[in-house]
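> what follows is a predicted protein model with its sequence.
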Amino acid sequence: MNIVLDFLINNFQNCLWLLVILVAMCPALESKIAIPLALNSAFWGSNVLTPFYAFLLSFLASIIPYYFIVFVIRHIKKRTTGFISDKFFNKYSSKVANFQGKPNDLKKYLALTAFVAVPLPLTGVWTGSLIVGLSNLNIHYSFLAVSIGALLSSASITLLCSVFKNSIPYIFMISLFLIILFMSLDLLISMIKRKY
(Lines give C-alpha, C1' and ligand atoms only; values in the text may rest on other atoms or scores of the structure.)
Protein backbone atom coordinates (compact mmCIF):
# COMPACT_ATOMS: atom_id res chain seq x y z
CA MET A 1 0.00 0.00 0.00
CA ASN A 2 2.88 2.37 0.74
CA ILE A 3 4.27 1.88 -2.77
CA VAL A 4 0.95 2.91 -4.32
CA LEU A 5 0.60 5.84 -1.95
CA ASP A 6 4.14 7.03 -2.65
CA PHE A 7 3.53 6.74 -6.39
CA LEU A 8 0.33 8.79 -6.16
CA ILE A 9 1.86 11.47 -3.95
CA ASN A 10 5.01 11.78 -6.07
CA ASN A 11 3.15 11.96 -9.39
CA PHE A 12 -0.09 13.75 -8.54
CA GLN A 13 0.86 16.16 -5.75
CA ASN A 14 0.57 19.20 -8.03
CA CYS A 15 -2.23 17.92 -10.25
CA LEU A 16 -4.63 16.26 -7.85
CA TRP A 17 -7.53 17.20 -10.13
CA LEU A 18 -6.20 14.77 -12.76
CA LEU A 19 -6.03 11.92 -10.25
CA VAL A 20 -9.63 12.63 -9.18
CA ILE A 21 -10.79 12.49 -12.80
CA LEU A 22 -8.93 9.22 -13.47
CA VAL A 23 -10.18 7.53 -10.30
CA ALA A 24 -13.77 8.73 -10.85
CA MET A 25 -13.74 7.15 -14.31
CA CYS A 26 -12.61 3.74 -13.01
CA PRO A 27 -15.20 0.99 -12.58
CA ALA A 28 -16.16 0.18 -8.97
CA LEU A 29 -14.11 3.13 -7.63
CA GLU A 30 -15.92 6.11 -9.15
CA SER A 31 -16.83 8.94 -6.75
CA LYS A 32 -16.88 6.53 -3.79
CA ILE A 33 -13.08 6.70 -3.74
CA ALA A 34 -12.33 9.84 -5.77
CA ILE A 35 -13.97 12.30 -3.37
CA PRO A 36 -12.43 10.98 -0.12
CA LEU A 37 -9.09 10.78 -1.96
CA ALA A 38 -9.36 14.42 -3.10
CA LEU A 39 -10.25 15.66 0.39
CA ASN A 40 -7.68 13.57 2.28
CA SER A 41 -5.26 16.01 3.92
CA ALA A 42 -3.24 13.10 5.36
CA PHE A 43 -2.11 12.35 1.78
CA TRP A 44 -2.01 15.79 0.20
CA GLY A 45 -1.38 18.22 3.06
CA SER A 46 -2.55 21.69 2.07
CA ASN A 47 -3.03 20.69 -1.60
CA VAL A 48 -6.44 19.11 -0.97
CA LEU A 49 -9.30 20.19 -3.20
CA THR A 50 -12.28 22.09 -1.90
CA PRO A 51 -15.36 19.91 -1.31
CA PHE A 52 -17.26 21.58 -4.15
CA TYR A 53 -14.40 21.17 -6.62
CA ALA A 54 -13.90 17.52 -5.61
CA PHE A 55 -17.65 16.92 -5.99
CA LEU A 56 -17.84 18.61 -9.39
CA LEU A 57 -14.78 16.88 -10.84
CA SER A 58 -15.80 13.49 -9.53
CA PHE A 59 -19.39 13.78 -10.74
CA LEU A 60 -18.46 14.95 -14.25
CA ALA A 61 -15.69 12.38 -14.66
CA SER A 62 -17.87 9.50 -13.45
CA ILE A 63 -20.49 10.04 -16.16
CA ILE A 64 -17.95 10.33 -19.01
CA PRO A 65 -17.80 6.56 -19.76
CA TYR A 66 -21.62 6.15 -19.95
CA TYR A 67 -22.13 6.25 -23.73
CA PHE A 68 -18.99 4.22 -24.40
CA ILE A 69 -20.13 1.42 -22.07
CA VAL A 70 -23.70 1.36 -23.42
CA PHE A 71 -22.64 1.30 -27.09
CA VAL A 72 -19.97 -1.35 -26.53
CA ILE A 73 -22.38 -3.60 -24.59
CA ARG A 74 -25.14 -3.20 -27.19
CA HIS A 75 -22.65 -3.88 -29.99
CA ILE A 76 -21.42 -7.05 -28.27
CA LYS A 77 -25.01 -8.10 -27.63
CA LYS A 78 -25.91 -7.67 -31.34
CA ARG A 79 -22.79 -9.36 -32.70
CA THR A 80 -22.71 -12.45 -30.53
CA THR A 81 -24.72 -15.61 -30.96
CA GLY A 82 -25.82 -15.50 -27.35
CA PHE A 83 -22.77 -17.20 -25.85
CA ILE A 84 -21.26 -14.01 -24.47
CA SER A 85 -24.55 -12.41 -23.51
CA ASP A 86 -25.81 -15.63 -21.87
CA LYS A 87 -22.64 -16.66 -20.05
CA PHE A 88 -20.83 -13.40 -19.37
CA PHE A 89 -23.83 -11.24 -18.47
CA ASN A 90 -25.75 -13.88 -16.51
CA LYS A 91 -25.01 -12.28 -13.15
CA TYR A 92 -26.67 -9.08 -14.28
CA SER A 93 -29.73 -10.81 -15.74
CA SER A 94 -31.83 -10.34 -12.59
CA LYS A 95 -31.07 -6.61 -12.59
CA VAL A 96 -31.72 -6.33 -16.33
CA ALA A 97 -35.02 -8.26 -16.10
CA ASN A 98 -36.49 -5.43 -14.03
CA PHE A 99 -35.75 -2.99 -16.86
CA GLN A 100 -37.17 -5.01 -19.78
CA GLY A 101 -40.58 -4.31 -21.26
CA LYS A 102 -41.76 -0.81 -22.14
CA PRO A 103 -38.66 1.30 -22.78
CA ASN A 104 -40.31 4.58 -21.70
CA ASP A 105 -41.76 3.59 -18.34
CA LEU A 106 -40.92 6.32 -15.80
CA LYS A 107 -40.66 3.83 -12.91
CA LYS A 108 -37.76 2.09 -14.64
CA TYR A 109 -35.80 5.32 -14.97
CA LEU A 110 -36.50 6.21 -11.35
CA ALA A 111 -35.32 2.74 -10.29
CA LEU A 112 -32.17 3.19 -12.38
CA THR A 113 -31.56 6.58 -10.72
CA ALA A 114 -31.99 5.04 -7.26
CA PHE A 115 -29.69 2.12 -8.15
CA VAL A 116 -26.89 4.44 -9.30
CA ALA A 117 -27.43 6.88 -6.40
CA VAL A 118 -26.66 4.33 -3.68
CA PRO A 119 -22.95 4.80 -2.88
CA LEU A 120 -22.16 1.12 -2.39
CA PRO A 121 -19.73 -1.11 -4.25
CA LEU A 122 -21.08 -2.57 -7.51
CA THR A 123 -23.64 0.20 -7.87
CA GLY A 124 -22.85 3.30 -9.82
CA VAL A 125 -22.45 4.61 -13.33
CA TRP A 126 -20.60 1.58 -14.71
CA THR A 127 -23.15 -0.95 -13.47
CA GLY A 128 -26.05 1.33 -14.41
CA SER A 129 -24.59 1.72 -17.91
CA LEU A 130 -24.18 -2.04 -18.17
CA ILE A 131 -27.85 -2.48 -17.27
CA VAL A 132 -28.87 0.08 -19.90
CA GLY A 133 -26.70 -1.65 -22.50
CA LEU A 134 -28.29 -5.03 -21.81
CA SER A 135 -31.88 -3.73 -21.62
CA ASN A 136 -34.05 -1.90 -24.13
CA LEU A 137 -34.17 1.39 -22.22
CA ASN A 138 -33.85 4.63 -24.18
CA ILE A 139 -30.17 5.61 -24.14
CA HIS A 140 -30.69 9.35 -23.68
CA TYR A 141 -33.38 9.12 -20.97
CA SER A 142 -31.20 6.57 -19.22
CA PHE A 143 -28.27 8.97 -19.40
CA LEU A 144 -30.37 11.54 -17.56
CA ALA A 145 -31.37 8.93 -14.94
CA VAL A 146 -27.77 7.73 -14.48
CA SER A 147 -26.51 11.34 -14.28
CA ILE A 148 -29.02 12.23 -11.57
CA GLY A 149 -28.05 9.07 -9.66
CA ALA A 150 -24.35 9.93 -9.97
CA LEU A 151 -25.09 13.48 -8.82
CA LEU A 152 -26.92 12.21 -5.72
CA SER A 153 -24.19 9.67 -4.96
CA SER A 154 -21.41 12.25 -5.32
CA ALA A 155 -23.34 14.75 -3.21
CA SER A 156 -23.90 12.25 -0.39
CA ILE A 157 -20.23 11.24 -0.32
CA THR A 158 -19.13 14.89 -0.34
CA LEU A 159 -21.54 15.66 2.48
CA LEU A 160 -20.27 12.68 4.48
CA CYS A 161 -16.65 13.76 3.98
CA SER A 162 -17.47 17.38 4.85
CA VAL A 163 -19.34 16.50 8.04
CA PHE A 164 -16.65 14.09 9.25
CA LYS A 165 -13.57 16.06 8.16
CA ASN A 166 -11.26 14.41 10.67
CA SER A 167 -12.36 10.97 9.53
CA ILE A 168 -11.68 11.28 5.79
CA PRO A 169 -8.76 8.79 5.86
CA TYR A 170 -11.07 6.32 7.60
CA ILE A 171 -13.87 6.94 5.10
CA PHE A 172 -11.38 6.34 2.29
CA MET A 173 -10.12 3.10 3.86
CA ILE A 174 -13.65 1.86 4.66
CA SER A 175 -14.78 2.61 1.07
CA LEU A 176 -11.79 0.78 -0.35
CA PHE A 177 -12.32 -2.14 2.02
CA LEU A 178 -16.01 -2.40 1.10
CA ILE A 179 -15.23 -2.39 -2.62
CA ILE A 180 -12.66 -5.18 -2.20
CA LEU A 181 -15.03 -7.14 0.05
CA PHE A 182 -18.01 -6.88 -2.31
CA MET A 183 -15.90 -7.76 -5.35
CA SER A 184 -14.41 -10.76 -3.52
CA LEU A 185 -17.86 -11.95 -2.45
CA ASP A 186 -19.15 -11.52 -5.99
CA LEU A 187 -16.24 -13.54 -7.35
CA LEU A 188 -16.74 -16.24 -4.71
CA ILE A 189 -20.48 -16.50 -5.40
CA SER A 190 -19.91 -16.75 -9.15
CA MET A 191 -17.29 -19.49 -8.61
CA ILE A 192 -19.70 -21.43 -6.38
CA LYS A 193 -22.51 -21.08 -8.93
CA ARG A 194 -20.23 -22.25 -11.71
CA LYS A 195 -19.18 -25.29 -9.68
CA TYR A 196 -22.76 -26.37 -8.98
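Thanks, I have it.

> mind listing what's buried along the helix or strand harbouring A111?
Taking DSSP states H and E as the criterion, A111 maps to helix 106-117. Under the neighbour-count criterion of 16 or more other CB atoms under 10 Å, helix 106-117 has K108, Y109, A111, L112, T113, F115, V116, A117 buried. In this view, the C-beta of every residue, glycine as well, is placed from N, C-alpha and C.

> I figured the last one hits S153, correct?
Yes - taking CB atoms under 8 Å as the contact criterion, A117 and S153 are neighbours in contact, 5.1 Å apart.

> just list what the strand or helix carrying F177 packs against, helices and strands only.
F177 belongs to helix 168-195 when assigned by DSSP H and E. If contacts are counted by 3 or more CB pairs under 8 Å, 6 or more residues apart in numbering; DSSP states H and E, helix 168-195 sits against helix 30-38, helix 41-44, helix 139-163.

> what comes up buried for the helix or strand following the shortest one?
As assigned by DSSP H and E, the chain's next helix or strand after helix 41-44 is helix 51-63. Neighbour counts using 16+ other CB under 10 Å place P51, A54, F55, L57, S58, F59, L60, A61, S62, I63 of helix 51-63 among the buried residues.

> S156: neighbouring residues, count only.
Counted with other CB atoms under 10 Å, the neighbours of S156 add up to 15.

> which residues are in contact with it?
If you count contacts by CB atoms under 8 Å, 6 or more residues apart in numbering, S156 has them with A117, P119.

> how close does it sit to Y170?
17 Å (CB to CB, to the nearest Å).

> so is L137 in a helix, a strand, or just coil?
Under DSSP: H, G, I helix; E, B strand; the rest coil, the three-state class of L137 is coil.

> give me the phi and psi for it.
Dihedral pair for L137: phi -70, psi 150, per degrees, to the nearest 10.

> before we move on, the earlier item: how far off helix 30-38 does the helix holding F177 point, in degrees?
Helix 168-195 and helix 30-38 meet at an angle of 150 degrees, taking axes from the mean of the first three to the mean of the last three CA atoms, to 10 degrees as the criterion.

> tell me which of the helices and strands packed on helix 168-195 is the most buried.
With neighbours taken as mean count of other CB atoms under 10 Å, these reach their highest mean count in helix 30-38, at a mean of 29.

> which other residues reach that helix?
Here helix 30-38 makes contact (CB under 8 Å, 6+ apart) with 16, 19-21, 23-24, 26, 43, 48-49, 53-55, 57-59, 61-62, 119-121, 124-126, 150, 153-154, 157-158, 161, 168, 171-172, 175-176, 179.

> what comes up buried for the helix holding F177?
I168, I171, F172, S175, L176, I179.

> from L29, how far off is the closest residue to L181 other than its chain neighbours?
If the residues on either side of it in the chain are set aside, L181 comes closest to P121, at 7.5 Å by CB to CB, 6 or more residues apart in numbering. For P121, the distance to L29 (CB to CB) stands at 9 Å.
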